[in-house]
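> Any chance you can model this:
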Amino acid sequence: MSLLPLRIALFYFLLAFTAFAWCLVSLVCAPFMTFRPRYRFVVQNWCRCAVWLAKTLVGLRYEVHGTENIPTRPCVILAKHQSTWETFFLSAYFEPLTQVLKRELLRVPFFGWAIMLLKPIAIDRDNPKAALRQVAKQGHERLEQGAWVLIFPEGTRVPVGQPAKFSRSGASLAVNAGLPVLPIAHNAGMFWPKAGWGKRPGTIQVVIGPAMYAESEGPRAVAELNQRAEDWVNAQVSQLETQGRPTP
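Residues are numbered from 1 along each chain as shown. Just a heads-up that it's a prediction; the model follows:
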């Protein structure tokens, strides 16, 4: 009899327990810290713990390719969104980092209160025009403060094998700030599906692409940059889903 279901149950129990305990500690300690140490204390350490629990209990290992493509200065990250795993991983890998997330998450007791300490860009998905303005304004402020801005341009988790159009908000933010976008592809959804609690052991491949700059100005530059990033991510994800790892 496979012990994987029991390991998955234990994983979720420890994930919830550590999240609750760490949020309580963070609410007491984090307000007295500046942003960067606060981020490391509240987010980076706990997300590393979450990734470690997934590896140890569920067998979700990972390999990262393309680290040489990471710019020295923080920019806009456009990442594929298939599961919860990449949220943990990217939040631990890049620091300090601010995320575009739905406003409702801030209302979750303890968890949402802790997240509010980290300058998230919490948007109202029911008001897309206002959300775009908010991403542009607050995202620019975060970039100027030296934080990476993580955007899942598909807007939600997308099941394996179902590409979705990218929102232009991330590309627009990068163009207006005079910074590149950093595309990131992975195949986490093959091991941690969007639907259900089930997971399967394996090695997640994370591919960090070359930083992409706008080649002109104005709306046309935004559209072109966004399409270039979308094409690169979709091509990499398709390859990972069929071959299991990137081609050198």
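
> Give me the below-cutoff pLDDT ranges for this protein.
1, 110, 246-248 (pLDDT under 70).

> where do the helices sit along it?
Applying DSSP state H to the chain gives helices spanning 4-29, 35-39, 45-53, 85-93, 111-116, 128-144, 169-177, 218-243.

> packing partners for the second one?
Packing partners of helix 35-39 (3 or more C-beta pairs under 8 Å, 6 or more residues apart in numbering; DSSP states H and E): none among the helices and strands. For every residue, glycine as well, the C-beta is placed using N, CA and C.

> Might you calculate how far that helix sits from the centre of the chain?
18 Å (C-alpha atoms, centre = their mean, to the nearest Å).

> which parts of that helix are buried?
Within helix 35-39, the residues that qualify as buried are Phe35, Arg38, Tyr39, counting by 16 or more other C-beta atoms under 10 Å.

> residue closest to the middle of the chain?
Thr87 (4.0 Å; C-alpha atoms, centre = their mean).

> ok, that residue to Cys47 distance?
8 Å (C-beta to C-beta, to the nearest Å).

> contacting residues for the residue nearest to Arg36 when sequence neighbours are not counted?
Counting by C-beta to C-beta, 6 or more residues apart in numbering, the nearest residue to Arg36 once its immediate chain neighbours are dropped is Pro96, at 5.2 Å. When contacts are counted by C-beta atoms under 8 Å, 6 or more residues apart in numbering, Pro96 touches Phe35, Arg36, Tyr39, Arg40, Gly146, Ala147, Trp148.

> who's in contact with the third one?
What it means is Tyr39. Here Tyr39 is in contact with Glu95, Pro96, Leu97, Leu118 (C-beta under 8 Å, 6+ apart).

> Kindly provide the distance from the last one to Thr84.
With distances taken as C-beta to C-beta, Leu118 is found 17 Å from Thr84.

> So for those two, which sits in the more crowded spot?
Using other C-beta atoms under 10 Å, the more surrounded residue of Leu118 and Thr84 is Leu118, with 19 against 15.

> Can you give me the distance of that one to Glu141?
In terms of C-beta to C-beta, Leu118 sits 14 Å off from Glu141.

> and what of Glu241?
Taking C-beta to C-beta, one finds Glu241 at 36 Å from Glu141.

> Name the surrounding residues that touch stretch 221-230.
78, 153, 165-166, 168, 170-172, 174-175, 181, 183, 209, 212-216.

> So what's the gap between it and the chain middle?
19 Å.

> Would you mark the buried spots in it?
Counting neighbours by 16+ other C-beta under 10 Å, stretch 221-230 gives Ala221, Val222, Glu224, Leu225, Asn226, Arg228, Ala229, Glu230 as buried.
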